[in-house]
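In: heads up, no residue letters with this:
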Ligand SMILES: Cc1cc2nc3c(=O)[nH]c(=O)nc-3n(C[C@H](O)[C@H](O)[C@H](O)COP(=O)(O)OP(=O)(O)OC[C@H]3O[C@@H](n4cnc5c(N)ncnc54)[C@H](O)[C@@H]3O)c2cc1C
């Protein structure tokens, strides 16, 4: 079904044009369509944004594995005697599992957009001075309303050694296919804590460096205290320090705080 109309200048005209197909963008697009609008959504990458592709969903898939490992450890105390308790983490298979989960959910978003007759335009959307949106440097679309939902990118904190190949962002660590023996997590916020819990369960020696007086400094103190206890139980060591290290730290993989 042809969904759009044309503006006076002959370019496709939508009631709403959404730039960005993450949770903010696709939900806005679907809602606008359900309210009767003809809607276009512009996304240059895979639908689902950070959350589905590199954020909430991949980390939860990994956390589920961490939970399974914990259950294996607890099994014998519950009367389930495993004949052979040894197991190894197969990272390439783990990454494949995560990719399958991501694909299923991003496919679900595509299906939802289609079911709601949102037109998905593949490419980079650039808002122009005249209020039109240029898609992939060639097609122009117009919207009576334009929603910018471009999300955010991984921040690279300005510390010496940050460009070392040893440093991974949350994007990269979620596709890591070979486990190192140890991991230093810089930043004890929600993402850092999730990474620490996941990779400690996978058998790595994990240190978390947080410069504030407590982990999860933006949350209630009781939550910080609970998380500190949980990490301790899991063998994760918290180092209370400012992350900037000597540049040798990151090149020699040794902490000198
Ligand atoms: C490791 C990690 C774990 C997380 N875990 C959680 C969690 O458990 N719970 C939670 O609530 N949040 C979590 N988050 C945060 C969550 O991912 C973000 O809050 C959420 O994705 C923001 O949604 P958004 O739609 O605003 O932006 P995004 O998800 O970043 O989506 C923006 C989209 O816009 C597209 N885009 C940008 N510019 C253009 C352009 N010019 N043209 C076309 N497309 C464009 C991008 O490709 C992207 O797909 C996590 C984040 C990370 C990194």
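Out: That came through, no problem. The structure presented is a predicted model; accordingly, all values stated were derived computationally and were not measured. Numbers count the residues shown, from 1 in each chain.

In: and what about the residue of the stretch 151-257 of the chain found nearest the ligand, helix, strand or coil?
Out: The nearest approach of the stretch 151-257 of the chain to the ligand comes at residue 151, 2.1 Å away (CB to the nearest ligand atom). For every residue, glycine as well, the C-beta is placed using N, CA and C. For residue 151, the assignment made with DSSP: H, G, I helix; E, B strand; the rest coil gives coil.

In: and for the nearest residue in space to it that is not next to it in sequence, the neighbour number?
Out: Leaving aside its sequence neighbours, residue 151 sits nearest to residue 22 (CB to CB, 6 or more residues apart in numbering; 4.8 Å). Residues lying near residue 22 (other CB atoms under 10 Å) number 22.

In: enumerate every residue touching residue 22.
Out: Listed by CB atoms under 8 Å, 6 or more residues apart in numbering, the contact set of residue 22 reads 48-52, 149, 151.

In: which bits of the stretch 51-200 of the chain sit near the ligand?
Out: Listed as neighbours of the ligand in the stretch 51-200 of the chain under the rule CB under 6 Å from any ligand atom: 51, 54-56, 59, 124-125, 149-152, 170, 191.

In: one more pass at 8 Å, please.
Out: Selection of the stretch 51-200 of the chain residues close to the ligand by CB under 8 Å from any ligand atom yields 51-56, 58-60, 123-126, 149-154, 170-171, 174, 190-191, 194-195.

In: sorry, back to before: residue contacts, the residue of the stretch 151-257 of the chain closest to the ligand?
Out: Residue 151 neighbours (CB under 8 Å, 6+ apart): 20, 22, 24, 49-50.
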